[in-house]
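S.K.: what follows is a predicted structure for the sequence shown.
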Amino acid sequence: MEDIIEDKTFTGIDFSSQNFEMADYENCTFKDCNLSNQNLNKLTFTDCVFINCDLSLAKLDGTALKSVEFKNCKLLGLNFSHCKTFLLAFSFTNCQLNMASFYQLTIKSTSFKDCKLCEVDFTEADLSNVQFNNCDLSQAIFEQTNLEKADFRTAYHYAINPALNQLKKARFSSQEVIGLLNHLDIIIE
């Protein structure tokens with residue numbers, strides 16, 4: 001990478017009308033920025049925070065996300081499976097992640113809090129110890145997914161086939177546990 005940008009705050013910038021600088025970003029904050037459809041390929045974000053940003057459909061090929069926090073962000077259709085996996089770590093609070101993909105990623109202990117995860121692809125991912133706190137998982141795809149010790153107690157609208165996923169010690173609420181039976185096509189009254 002050409003440059004390293006450290007300890008900088010970017011506020012209210014619409015990168016659709018201004019080029020996003022190709023650099024390594026360390027300890028930076030992005031607030032109220034529009035990065036939708038941006039080419040973030042091969043960039044590195046370390047200890048960065050995105051607040052109230054739109055990164056929908058941004059390109060993440062070879063992007064490194066190391067200890068990155070997303071808060072109140074719109075992340076529609078992001079393909080996180082294209083990110084660099086070395087030191088990959090992030091958390092999501094009150095984010096819209098609909099139609100995102102975490103295909104085959106190892107994202108152990110990731111925190112999703114108050115997020116919309118509709119139609120998200122978690123196929124073959126390692127989600128052990130992941131926290132889904134108050135998350136909407138409507139039509140999320142769980143196939144051959146490691147969900148050991150994952151916490152679904154306050155998650156809702158999920159459908160998980162226990163025969164196709166690893167669920168040892170995963171936690172569910174009694175009200176939503178019916179999501180483990182959807183694949184059976186049975187009627188529960």
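M.R.: That came in fine, so what should we check first?
S.K.: now this protein, which segments are flagged as low pLDDT?
M.R.: Applying pLDDT under 70 to the chain flags residues 1-2, 177-179, 181-184, 186-189.
S.K.: and if we set it to 80?
M.R.: 1-2, 19, 174-189 (pLDDT under 80).
S.K.: can you show me the strands along it?
M.R.: Along the chain, counting by DSSP state E, strands occupy 3-6, 9-11, 23-26, 29-31, 44-46, 49-51, 64-66, 68-71, 90-93, 111-113, 131-133, 151-152, 171-172.
S.K.: buried sites along the fifth one?
M.R.: This means strand 44-46. For strand 44-46, a neighbour-count test (16 or more other CB atoms under 10 Å) marks 44, 45, 46 as buried. (Glycine included, C-beta is placed from N, CA and C.)
S.K.: show me what contacts residue 66?
M.R.: 44, 45, 46, 47, 87, 88, 89 (CB atoms under 8 Å, 6 or more residues apart in numbering).
S.K.: before we move on, the earlier item: export the buried residues of strand 44-46 to TSV and tack on distance to residue 62?
M.R.: TSV is the format used below for the buried residues of strand 44-46 (distance: CB to CB, whole Å):
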residue	distance to residue 62
44	9
45	12
46	15
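S.K.: between the residues you listed, which sits nearest residue 120?
M.R.: residue 45 (20.7 Å; CB to CB).
S.K.: now the closest one: how far from residue 33?
M.R.: 13 Å (CB to CB, to the nearest Å).
S.K.: and for residue 61?
M.R.: 20 Å.
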